[in-house]
Structures are given as C-alpha cells and as structure tokens.
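Visitor: Sequence below, structure please.
(2 chains)
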Amino acid sequence: MTSSLAPCVPLLVGALAVPFLRGKLRAAWLLLLPLVGFANLLVLQDGSWGLYGLLGFGSEELTFVRADALSMVFGYIFHIAAFLGVLYALHVKDRVQQVSALVYAGSAVGAVFAGDLVTLFLFWEVVGVSSVFLILARKTEGAYRAAMRYILWQLLSGVLLLVGIALYVQGGGSVAFESMTADLEAGGVGALLIFLAFGVKCGWPLFHTWFVDAYPHATPTGTVFLSAFTTKLAVYALVRGYPGAEVLIIIGTVMALFPIFWAVIENDLRRVLCYSMVNQIGFMVVGIGLGSQLALDGAVAHAFCDILFKGLLFMSMGAVLLRTGRINGTDLGGLYRSMPWTTTFCLIGAASISAFPLFSAFISKSLIMIAAAEQGHTFVWFALLFASAGVLEHAGIKIPFFAFFAHDSGLRPKEAPKNMLLAMGISAALCIGLGCFPGVLYSILPYKAGGMTFGQMYSMTHIITQLQLLVLAALAVFWLMRAGVYPPEVRSVNLDSDWFTRRGGRAFVRFVGGPLMATFGWLSRAVHETVPHGLRYFAKNPAGAMQLAYDRFLLGWAGAFRSMEAIDRAQARLTRDQGRYEEARPGAAWPIGTSVLYSVIAFLVFLLVYLF
Amino acid sequence: MTDPRTPWPGDEMPEVPRKSPDEAPGILQQPERVRRWMRGLFIAAIVMLLADLVYEAHFHTELESGDGIYAFYGLYGFAGLIVLVGGAKLLRQFVMRKEDYYDE
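Guide: Now for the predicted structure:
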C-alpha cells in the first residue's frame, strides 16, 4: 500500500470542483491543486502500482502508476508549469479554460506516469482533446478553424498510437511501456506506428505545422499551457520508448535547423516562438537519438528548462497581446516604456533560451552538444552550433526587440496584470536559478547528467566560447539591421508544409465535390439502375431479348448498307419480336432446358465479373 | 483611421493609450545613443575575439575546438548569422504570401 495518490489525481479530480466555486475561493483552489500535486510527488515512492485490466487485458496486466526518476522529472516540471500557468491566467474568469487547462495538465502528468502503453494511450487522447478548448476559447473564426485542424492532428496521433499498440502487442511485444528501439530497428510495424504517433505530437518536420499553426490562435493564457505539455510529453515518450534510435539524430538535426529560417521572416511573434519550439525540441530529439546517458539526460534537462523559458517568453508575448490586442511585429515596438517589467522578464527568457552563461539553456543544451561531440557526430555538432546562433537571432533578439524596442508604435499600454507579472517573475527566477545552480537539476535526472559537474559546465573554455558565439552573432544581427539588409517585418504569411493539408486539402475537397462525385454518380446510376434494368429486361425473356438485340442489329445493318425494302423487312421483324417478347411469360415461350442454360450462362458471367 | 491589426474578426481589441506629444524621445530614437550602443557591442565583440589569446582552452574533444581555428566560435557565429539572414531573405522569395492567403 502506498501513502500517496496517483500523481494525476489532484489535478484531474480537483478540476471537477472548479465549476462549483466562485471568486477568490476558485482562484485559491486553482492555485492549490498544482501545489498539492507537487507535494504528492515528493512523498511518492519509486515503483509501480495501481494494477488493473482493460480492453481484454487481464486484471493485473496494466500499470496505472510507474514512478521512476524519468517520470518524476517530468512530473515535477509539469506541476511547476501548471502552477505558473494557473497563476498567469488567474485573471481569466472563463471556467471552460480553467477546467480544460487543469484536465490537460493532469492528463499529461498521468501519461508520464503511465506504466503501460494502454494507459499511455488513454491519457494521450485526453491530452489532445482537453487542450483544444484552449484554442476554441479565443472565440474567433480563425481560432475555430485552427482548432479543427489541430484536433485532426491530435486524433491522427491517437489512431497511430492505438493501431501501433495493437500490432505491437499482437506481434509478441509487451504492453509495458519500455524501450522499443530494438523492435523499431528490426522493422516492427507496431513499433514504427507508435514511433510515428510520438513523432506527430513531438512536431517532427512535416508534422510540426499542427502547433505552429494552432498555438498562435489560442488565448493569451492558453498558449502558455499549450507550449508546456503536449510536445514535452512526446519528448518524454521518445526518451522512454526509443532511446538511441539513430534516425532521431537526423530528424532532430533537421528540426533544429529549418525553423530558424522561417522564424526570421515570421511576423506573428507567438508564431516565431512556435518555430523556436520546433528548433528547441530538435535539440532534445538529437539527444534522444544519440542515446548515451549524457545525451538522454541532456534531452530531459533541456525539456525541463525549455518548459520554463519558452513558457516565460509566451507569457511575455501573451501580456503584450492582452494589453494591446496586437501580436504582429509590424504593429508593435517601443512598449518598454509602459511595460518595463514585462520587458525585463522577456529579456531574461531571451537570455535563457539563447544559452547565455548563468541562464538555463546554457546548462542543458550543452549536455546534448557535448554528447554529440563525444560520439563524433561532426556534421550534427556543427549544425547544432549553427542552430544555437539562430536561436539567439529569433528568440534572443527578434522577440524582445520587435515587441519592446525597434520602431516606436506609439502604443503605451498598461503594464501586465499583477498575477501575470508574478508568474513571469517566478519563471524568470527559475531560469536564472537553474542556470546558476545546475547541480539541482542534474541531481534529479535519471543518470545524474552523466556525472557532469558545475566546474565542467562553467569551465573558462565553455564560458568564453559560448560568449564569443553569442556576442559575434548578436553583432552580425544588429550590423545587418543597421545596414538595412535584415529582412524587415512585413504583414504576410509564410508557406510551410501545412500548405499541402490546407490548400491541398481544399483542392482535394473540390476534386471530391466535383469530378469525383460526378464519376461516382455515373457509376452509381450504372450499378443501381442501368445494369439491373438491363438484367431484368434480359431475364424476363432471355431468348426474346437476344432475338430483339439481333433484330436491332439487322435493322441497323439494313439501314446502313441495304435497300429500303430490306429496312422495312427488318423493321417488321423487330415489331413482331417485340410483340412476342412482351407476350411471353418468363419461360413460357421457350423450353425449360433452354432457359436453364441461359440462366447458367448468365450466372457464370456474373461469377466471372464478380471474381475478377 | 482604424488600426492595422491581426485580421481575424471577433478578437478583443482593447483601447490602448497612445504616447503623449510632449514625451521625450525613446532610446532608439536618439541616433547618438544608438551609435554608442553599437560601438559598445563592437568593442565587446573585439574583446571576445582577443580573449582567445589570453586564456588556455581545454576542450573535451578535438571537434569542439573547431579544429584549432583561432576564435572559431566567434567567426562561426558571425558567419552563421549572415548565412541565416541571407537564407531567410532568399526563403521569403518563395514562401511569402499575402496575409489573407488562407482565408476564403
């Protein structure tokens, strides 16, 4: 017996009470739930419990709770993110958003503690469905459409996961959620489908558009929740399920590289942050693919830090959106004057994601870089270093610069509400705290960061090389701006691979509605009307029908090649046989045997058509 | 005149106070100050490049030393950003569309 609750219980059950509470009581309740959940984790002991049966699995085959170092790290950060998100959104009175955010966070927690694939699947689906309300709550037409596209991607991931689990278990795999790397690399279809299901949620290239598209449409507070859970849950699932799967190194490198180009030219600043998410998750995915203890811990540590600094950046942009109603780089600028605190916190987030020494990404991303170098992945290492410089450009400089500095928009909005400032302040403090005291994070990682120490992380070499990279990269950016080379913000959208689903999808719908429906309509009429009518006509008097067909042929022949008399004769013959056809009762005019023969032939023809 | 803004109907649009006409110019509206900031950044960059002369680097792997090239990280960061911005400008030629491209 255990003295603690299942980790997802405080958030999930607590969410049920939210609609019945009012005012300050509800606010207190919302803040209390993540704290209770966090305290529950502190007394949670390692091990598996909560065995149950479902979907044809025996009564003790499934494991509701499996607590080990890996799930604990994600449990901690998900509760911290839930608390910060709730605090940030405390001024929002919309109960739909509050309940869905808690259910969303709670099911993400449930998923990282799921001991088997079926439990994982159940939470996986709840994560997808509960989160869509945070997008719908924006209540704009664009948000509605984006939410519909979003839910399709979530369902795709869920279906892939379900089918994958079925095939995997049927193929002799264990339903327990353990590493499936060997099965994947042996070509198992089930393992591959599960891998793809994780990949969709993780935002691999070509899948990444679901959140790049949808997150900027969510409410100012909703995006803060969204950025924390879904993709990091997928990172967790990959760490657990596919450590050392080498294809992830390539996928991750592509993820780290391509979005930085889109981020330079994107106008919607929250969408810039989404591209930045793809880029940061790319680092994590590379770490998972490298598969060494150092690399895996690097991926986990970077996910932990990313939730905080990306959350902080989304919070600062959410505050801007809330106070100005604008989020495009073209509409903003000069806000530092009336929003100094938001500006400061945004700059701390920017320094954290850019991996300045003493800020959080410096101590997490470096683990992955070092692992890549140690394992001799030359190209990957150079690519990640380039991507690191790219991060400084779009998240480190572009986000704060275009929102708070740059050309003065003349807007002087109010400073963000106090609860938002408090949430940003705590996030900022955590970002700096993690950067200054990496040992705290390293000590809770599954492999203790491969024995990495503070001294190694803060060696003179590491500090100077990193500063050199960042300062020179920053110089390049500002120099290009001053020279007028830097691409100016333009009111525009940039095509991405979702063009294929959005425009291609529309073309597909048109094709289905037009040519395809016409073809099928014709086929349908043929199958349901023309052919049966013909068959009935034939079956009523098969010999008569054939006689008539022959008569018509003769008439046509005479009409084309013979004299008028011949035509008259053929016409008379046709008229006579038509009379006979009509008079005949089935089988009457012809001996039974002949009818049977015809029937057998017709049946054989039918069989041939049917079989081939 | 209406505000230029995000195009979706139904979005809340708060009334935002505007700057008063007698407000002092902002930090980026003072050319001398901007020049000073750029000079500061330039000096910082030079200091970082020279730092390689005065300390002894210890890398875990040969790869991390950038094959021993002088000030490899600085040069790579500077060149990388130029490639990045150039690439993004090029990318814009292909992918940029009007803001209402996906609207019906």
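
Visitor: low pLDDT regions in chain A?
Guide: Per-residue confidence for chain A (pLDDT under 70) gives these ranges: A:1-3, A:56, A:59-60, A:584-595, A:612.

Visitor: Identify the single longest helix in it, thanks.
Guide: Longest helix in chain A by number of residues (criterion: DSSP state H): helix A:293-324.

Visitor: And stretch B:20-33, how far out from the chain middle?
Guide: Centroid separation between stretch B:20-33 and its chain, computed with Cα atoms, centre = their mean, to the nearest Å, is 21 Å.

Visitor: and that stretch with chain A, contact?
Guide: Yes. For stretch B:20-33, a contact with chain A is found by Cβ under 8 Å from any Cβ of the partner chain, at B:26-29. Every C-beta, even on glycine, is put in place using the N, C-alpha and C of the backbone.

Visitor: Do me a favour and average the pLDDT over that stretch.
Guide: Averaged across stretch B:20-33, pLDDT comes to 81.

Visitor: which stretches of chain B form strands?
Guide: B:96-97 (DSSP state E).

Visitor: Show me the helices in it, by range?
Guide: Using DSSP H, helices in chain B cover B:31-54, B:72-95.

Visitor: out of the ones you listed, deepest packed?
Guide: helix B:72-95 (a mean of 19; mean count of other Cβ atoms under 10 Å in any protein chain shown).

Visitor: tell me what that helix is packed against?
Guide: Counting contacts by 3 or more Cβ pairs under 8 Å, 6 or more residues apart in numbering or on different chains; DSSP states H and E, helix B:72-95 is packed against helix A:247-265, helix A:378-391, helix A:460-482, strand A:493-494, helix B:31-54.

Visitor: rerun that using 6 Å as the cut-off
Guide: helix A:247-265, helix A:378-391, helix A:460-482 (3 or more Cβ pairs under 6 Å, 6 or more residues apart in numbering or on different chains; DSSP states H and E).

Visitor: Show me where chain B dips below the pLDDT cut-off.
Guide: B:1-12, B:104.

Visitor: mind listing the helices for the stretch 301-450 of chain A?
Guide: Along the stretch 301-450 of chain A, counting by DSSP state H, counting those that start in this stretch, helices occupy A:340-353, A:360-374, A:378-391, A:399-404, A:418-436, A:438-444.

Visitor: Pipe these into CSV and attach distance to A:L31 per row.
Guide: As requested, those are exported to CSV (distance: least, Cβ to Cβ, whole Å):
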stretch, distance to A:L31
helix A:340-353, 20
helix A:360-374, 24
helix A:378-391, 32
helix A:399-404, 28
helix A:418-436, 10
helix A:438-444, 23
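
Visitor: Switch those helices over to CSV; also include distance to chain B and mean neighbour count.
Guide: Listed next are the helices of the stretch 301-450 of chain A as CSV, based on distance: least, Cβ to the nearest Cβ, whole Å; neighbours: other Cβ atoms under 10 Å in any protein chain shown:
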stretch, distance to chain B, mean neighbour count
helix A:340-353, 12, 24
helix A:360-374, 4, 26
helix A:378-391, 4, 22
helix A:399-404, 9, 24
helix A:418-436, 14, 21
helix A:438-444, 17, 17
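
Visitor: So which of the ones you listed is nearest A:A182?
Guide: Within those, the stretch nearest A:A182 is helix A:360-374; the backing value is 21.0 Å (Cβ to Cβ).

Visitor: Counting by contacts, list what the closest one packs against.
Guide: Using 3+ Cβ pairs under 6 Å, 6+ apart, helix A:360-374 sits against helix A:269-290, helix A:293-324, helix A:340-353, helix A:378-391, helix A:418-436.

Visitor: Neighbours of the closest residue to B:K98 other than its chain neighbours, how many?
Guide: Nearest non-adjacent residue to B:K98, counting by Cβ to Cβ, 6 or more residues apart in numbering or on different chains: A:S492, 6.6 Å away. A:S492 is flanked by 18 other residues according to other Cβ atoms under 10 Å in any protein chain shown.

Visitor: Please state the backbone phi and psi of A:S492?
Guide: The phi and psi values for A:S492, taken as degrees, to the nearest 10, are phi -170, psi 170.

Visitor: surely it meets B:R92?
Guide: No. If you go by Cβ atoms under 6 Å, A:S492 and B:R92 don't touch, sitting 8.4 Å apart.

Visitor: Mind listing the shared neighbours of these two?
Guide: Common contact partners of A:S492 and B:R92 (Cβ atoms under 6 Å, 6 or more residues apart in numbering or on different chains): none.

Visitor: which of the residues of stretch B:20-33 next to chain A sit farthest apart?
Guide: Among the residues of stretch B:20-33 next to chain A, B:I27 and B:Q29 lie farthest apart (Cβ to Cβ), at 7.3 Å.

Visitor: Pull up the overlap in contacts between the two.
Guide: With Cβ under 6 Å, 6+ apart as the test, B:I27 and B:Q29 reach no residue in common.

Visitor: Spell out which residues sit in contact with A:K232, please.
Guide: A:K232 neighbours (Cβ under 6 Å, 6+ apart): A:303, A:307.

Visitor: That one and A:S427, how far apart?
Guide: 15 Å (Cβ to Cβ, to the nearest Å).

Visitor: need the helices of chain B in a markdown table with distance to A:A361, can you?
Guide: Output for the helices of chain B, formatted as a markdown table (distance: least, Cβ to Cβ, whole Å):
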| stretch | distance to A:A361 |
| --- | --- |
| helix B:31-54 | 19 |
| helix B:72-95 | 15 |
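
Visitor: Can you say which of those helices is nearest to A:W210?
Guide: Using Cβ to Cβ, the helices of chain B put helix B:72-95 closest to A:W210, at 18.2 Å.

Visitor: can you list contacts of the closest one?
Guide: A:261, A:264-265, A:386, A:389-390, A:465, A:468-469, A:472-473, A:476-477, A:480, A:486-487, A:494-495, B:48-49, B:66.

Visitor: if you set the cut-off to 8 Å instead, what comes out?
Guide: A:260-262, A:264-265, A:385-386, A:389-390, A:393, A:465-466, A:468-473, A:475-477, A:480, A:485-487, A:494-496, B:45, B:48-49, B:65-66, B:69 (Cβ atoms under 8 Å, 6 or more residues apart in numbering or on different chains).
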